[in-house]
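> next input, structure requested:
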Amino acid sequence: MRAPPSRRSPCRRVALLLLTAPLLLALAAPAAAQSPAASASASSWPKDKPVRVIVPLTAGSATDVVARTVFDQVGRQLGQTFVIENRPGAAGSIGAAVVAKAEPDGYVLLVSSSSHTVLPSTHSNLPFDVAKDFAAIAPLASIPTVMVVSPRKGFASAKDFVTAAKAKPGQMSYASGGIGNSTHFAAERFRLAAGFDGLHVPFKGAPEALSEVLAGRVDFYFSPVPPALSLIRDGQLEALAVSSAKRSEVLPDVPTTVELGLPDSGYEFWIGAFMPAATPRPIVERLAQEVATALARPEVRERLAKMGAEEMPMEPRAFDAYVAKEIADNAALVKATGLKFN
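Numbering: from 1, shown residues only. Reported below is the predicted structural model:
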């Protein structure tokens, strides 16, 4: 006896297909992301052309020096040139915008600092979303910032400086690499914890800020260690404190701001790499692996260590989560301290 024919009408079959299609597509998406074509694209990257590395600060800044050190080695590993482009201005937002709007093909990346996570709290009209428009690759280094003054100012310690600053309310000036820059926040944390008012003087980057402190035209600056280290060792600058949670390995005699009896005065400064958010994940993961390989090279480790840079190993997804937390923490800091920005 023959089985009865299906009673489903052509219309019902079409309706069933429409209902199940989204589910089938969703299930197919992860497989497509890991398809042989995607893997092949990552394995052949970056053979087509040089990779542009946008640094949103001036040449000679800590971010610039670390970027050049790491990506020179990555370029040798991959057999391709990584070209550093300095795009300073607007606390790093100009350079970041270049990357956020770039073609997500793996040939443009951003190397920025912890200032990147401050931007949403300090700029109301950013042309990009820090949380959504970037894929985190890896932290390249954690670097202490050091409070420096001109020896001609006559401050023997940070305590002496704070005493003088309190005696002249609002008159002590402090440099930064731009409004909302990490060096700005490090100074603000210290100033608020110590309880004195001052005058903020923003610059485009560390070289300009250091020049003004050397000349005595600005009273102090929380500089990333690398650009200030030789000046400190030569006696041209006096190091009074570091903002990191622990003392710098290259400045072991300089106390942390917390050790000086100023709770909630510390500020961590890091440097990391990012790509446009839509960059294929196989390329993001491959670059992260190449960065890890470069950071493990003895010559790279030695050079970074001499600059005062310390390791901060983290995989891309973990770094994404870390960045998201810092965005929230910085927003809370701006609100709590009443800082005013444009």
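> okay, the residue nearest the centre of the chain: pLDDT?
The structure's the chain has its C-alpha centroid closest to Ser113; by C-alpha atoms, centre = their mean the separation is 2.3 Å. Looking at Ser113, its pLDDT is 91.
> now Ala158
pLDDT, Ala158: 94.
> quick revisit: now the residue nearest to the centre of the chain: how far from Val334?
17 Å (C-beta to C-beta, to the nearest Å). Quick note: C-beta positions are derived from backbone N, CA and C, even for glycine.
> again with Phe82
34 Å.
> ok, Ala91 next?
In terms of C-beta to C-beta, Ala91 sits 13 Å off from Val334.
> shared neighbours of the two, anything?
Thr122 (C-beta atoms under 8 Å, 6 or more residues apart in numbering).
> the more surrounded of the two?
Per other C-beta atoms under 10 Å, whichever of Ala91 and Val334 has more neighbours is Ala91, with 26 against 19.
> could you check the pLDDT of the residue nearest to that one when sequence neighbours are not counted?
Sequence neighbours aside, Gly178 is the residue nearest to Ala91 in space, at 3.9 Å (criterion: C-beta to C-beta, 6 or more residues apart in numbering). As predicted, Gly178 sits at a pLDDT of 78.
> what do you get for Pro36?
50.
> what sits against the closest residue to Ala324 other than its chain neighbours?
Nearest residue to Ala324 in three dimensions, chain neighbours excluded: Ala131, at 5.9 Å (C-beta to C-beta, 6+ apart). Ala131 makes contact with Pro120, Val323, Ala324, Ile327, according to C-beta under 8 Å, 6+ apart.
> equivalent analysis for Leu240, please.
Met147, Val148, Val149, Phe155, Ser157, Ala158, Phe161, Phe220, Val254.
> same check on Val98?
Contacts of Val98 (C-beta under 8 Å, 6+ apart): Ile54, Arg87, Val108, Leu110.
> are we agreed that Val65 is in a helix?
Yes. Per DSSP: H, G, I helix; E, B strand; the rest coil, Val65 lies within a helix segment.
> just checking, it touches Val225?
No. With contact defined as C-beta atoms under 8 Å, Val65 does not count as touching Val225 (10.5 Å).
> got any residues that touch both of the two?
Met307.
> tell me which of the two has more neighbours.
Val225 (26 against 23).
> correct me, but that one touches Gly308?
Yes. Val225 sits in contact with Gly308 when judged by C-beta under 8 Å, with a separation of 3.4 Å.
> overlap in contacts, these two.
Going by C-beta under 8 Å, 6+ apart, residues that sit against Val225 and also against Gly308 are Ile143, Pro144, Ser248, Val250, Leu251.
> where does this structure have low pLDDT?
The chain contains residues with pLDDT under 70 at 1-42, 336-337, 339-342.
> longest strand in it, please.
strand 134-142 (DSSP state E).
> for it, buried residues please.
Phe134, Ala135, Ala136, Ile137, Ala138, Pro139, Leu140, Ala141, Ser142 (16 or more other C-beta atoms under 10 Å).
> tell me the helix or strand right after that strand.
strand 145-149 (DSSP states H and E).
> report all helices and strands that that following strand contacts.
helix 182-194, helix 206-214, strand 220-224, helix 225-233, strand 238-242 (3 or more C-beta pairs under 8 Å, 6 or more residues apart in numbering; DSSP states H and E).
> that strand to strand 238-242, inter-axis angle?
Angle, strand 145-149 to strand 238-242, by axes from the mean of the first three to the mean of the last three C-alpha atoms, to 10 degrees: 150 degrees.
> check the offset of strand 145-149 from the chain's centre.
19 Å (C-alpha atoms, centre = their mean, to the nearest Å).
> quick one: Gly266 from Phe222, how far?
11 Å.
> same check, this time on Val291
Counting by C-beta to C-beta, the gap from Val291 to Phe222 is 27 Å.
> what about these two, which has more around it?
The neighbour comparison of Val291 against Phe222 (other C-beta under 10 Å) goes to Phe222, with 33 against 22.
> hang on, the more buried one packs against Ala187?
Yes. Under the criterion of C-beta under 8 Å, Phe222 makes contact with Ala187 at 4.8 Å.
> what touches both of these two?
Met147, Tyr174, Ser176.
> CSV please, covering these and showing distance to Ala296 and neighbour count.
Shown next, in CSV, are the shared contacts of Phe222 and Ala187 (distance: C-beta to C-beta, whole Å; neighbours: other C-beta atoms under 10 Å):
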residue, distance to Ala296, neighbour count
Met147, 32, 26
Tyr174, 37, 25
Ser176, 33, 27
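> sorry, back to before: how about the buried residues of strand 134-142, which pair is most distant?
Ala135 and Ser142 (20.5 Å; C-beta to C-beta).
> circling back: which of the helices and strands packed on strand 145-149 sits closest to Pro104?
Between the helices and strands packed on strand 145-149, helix 182-194 lies closest to Pro104; by C-beta to C-beta that is 26.5 Å.
> just after the closest one, pick out the following helix or strand.
strand 198-202.
> elements contacting that following strand?
Partner elements for strand 198-202 (3+ C-beta pairs under 8 Å, 6+ apart): strand 172-176, helix 182-194.
> apply 10 Å and report the result again.
strand 172-176, helix 182-194, helix 206-214 (3 or more C-beta pairs under 10 Å, 6 or more residues apart in numbering; DSSP states H and E).
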